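Colleague: Got a predicted structure plus its sequence, pasted below:
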Amino acid sequence: MSRSVELVDIEMAFGKTRAVEKFSAAVEGGEFFSILGPSGCGKTTILRLVAGFTQPTAGRILIGGKDMVGIGANQRPTSMIFQSLALFPLMPVWENIAFGLEVRNIGKTARRRRAEELLELIALPGYGDRMVHELSGGQKQRVAIARALAVEPQVLLLDEPLSALDLKLRQHMRAELRALQKRTGVTFIYITHDQSEALAMSDRVAVMSAGVLQQIATPRELYSNPATPFVAKFVGETNEFSGKVKAIADGLAVVETRYGPLSGRVGPGVRAGSNAAVYVRPEAMSLTSDQQPNALPAEAERLEFEGAVGMLHAKARGGEHLLAAVPNQRLTSAPTAGQKIWLSFAPAEALVLADA
């Protein structure tokens, strides 16, 4: 079984430092929910509050509808995987997995049976008698997950568990982790500073900055319709053009910038006459042969090959650094360094957000 987790106006202060301010979120049972943000934004603090390692300065935490006030970490239906994994090097794999059951006075035969079941689940059958040092980084990761699942938690808390792995292994493990979560149905709350992890695995993502919740949304919504300038800039690459809102009509806002009027979809808090910025993803920027609406004069600087696309770096005449994604099949005709170009975008592909 999985449990829902509800955080209501959570606050956490360490002396005069406010680590978390008025954080509220409702995580559904069986959901893969990620909290994304830069180092020091308060995301790990929230995980520790849910686990019961610390108590909030203010607010309520409910798991399965039950208030967790006064309920210690060892009595909560949660299990936590730390960044360091913390496997026991002198124990074989099966004993590592079954350690939580031993603490609960479960007999050795039952512990071994449960460990073997979990080894099957994590695709490591026959590894029970191996020692931890005989495992690869990805295998150790899976053993840590199995150990957390052995005590049958209804909520699994994961604190940047893939950060120590190399890129290819991280990509492989995040796919395995997502599949494992779907097979078990356990509620996952996952902490990361890596946006690609959060977007690839999660049902929904909460983005934090300096202890404050910025937005909760599905990965696609988060990328396409960021609610704040911080989310627009933190989640994925973007181009930003600042100015003042000149007019609003038919769901589009016209922003007067140093390049003239640029238009995009109206975002939260945008009002005529207010300061705002137009945000455009690199894949929405197109090379054009001459000036047209929403076009910007620039000079090509370099092209970085990334496989499926090339990332064109350019400098606008107003000084802004511009990014445009060039599809692989068009790379042969991409501009060279120093070439004068025009980059443009469709209004529907841009978003206007009020200044924070």
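Modeller: Yep, that arrived.
Colleague: What strands line up against the helix or strand hosting Ala247, and which way round?
Modeller: In this structure, Ala247 is located in strand 239-249 according to DSSP states H and E. Neighbouring strands of strand 239-249 in its sheet, by DSSP bridges, are strand 252-257 (antiparallel), strand 275-280 (antiparallel).
Colleague: List the buried residues in the last one.
Modeller: Spelled out, it's strand 275-280. Residues of strand 275-280 classed as buried: Ala276, Ala277, Val278, Tyr279, Val280 (neighbour count, 16 or more other CB atoms under 10 Å). Where you see a C-beta, it was placed from the backbone N, CA and C, and this is true even at glycine.
Colleague: Tell me where the model's unsure across this protein.
Modeller: For the chain, applying pLDDT under 70 flags the ranges 1.
Colleague: what does stretch 10-21 contact?
Modeller: Identification of contacts with stretch 10-21 by CB atoms under 8 Å, 6 or more residues apart in numbering yields 22-24, 42, 45-46, 49, 54, 56-61, 211-212.
Colleague: Check these for burial and list the buried ones.
Modeller: Among the contacts of stretch 10-21, the ones that count as buried by 16+ other CB under 10 Å are Phe23, Gly42, Thr45, Ile46, Leu49, Pro56, Gly59, Ile61, Gly211, Val212.
Colleague: Please report how far the fourth one lies from Ala324.
Modeller: Distance of Ile46 to Ala324, given as CB to CB, to the nearest Å: 37 Å.
Colleague: do the same with the first one
Modeller: Here the criterion is CB to CB. By it, Phe23 lies 36 Å from Ala324.
Colleague: what's the closest of the strands paired with strand 239-249 to Val143?
Modeller: Nearest to Val143 among the strands paired with strand 239-249 is strand 275-280; the distance by CB to CB comes to 42.3 Å.
Colleague: and the next element down the chain from that closest one?
Modeller: Per DSSP H and E, the helix or strand that comes after strand 275-280 is strand 286-288.
Colleague: in its sheet, what does that next one sit against?
Modeller: Short version: by DSSP bridges, strand 286-288 pairs with strand 340-344 (antiparallel).
Colleague: The partner strand: how far from the chain's middle?
Modeller: 32 Å (CA atoms, centre = their mean, to the nearest Å).
Colleague: And for stretch 324-334?
Modeller: Stretch 324-334 sits 28 Å away from the centroid of its parent chain (CA atoms, centre = their mean).
Colleague: mind listing what's buried in it?
Modeller: Ala324, Ala325, Val326, Ala334.
Colleague: I'd like those residues written out as JSON lines, with distance to Ile10 and secondary structure added.
Modeller: Below are those laid out as JSON lines (distance: CB to CB, whole Å; DSSP: H, G, I helix; E, B strand; the rest coil):
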{"residue": "Ala324", "distance to Ile10": "41", "secondary structure": "strand"}
{"residue": "Ala325", "distance to Ile10": "38", "secondary structure": "strand"}
{"residue": "Val326", "distance to Ile10": "44", "secondary structure": "strand"}
{"residue": "Ala334", "distance to Ile10": "48", "secondary structure": "coil"}
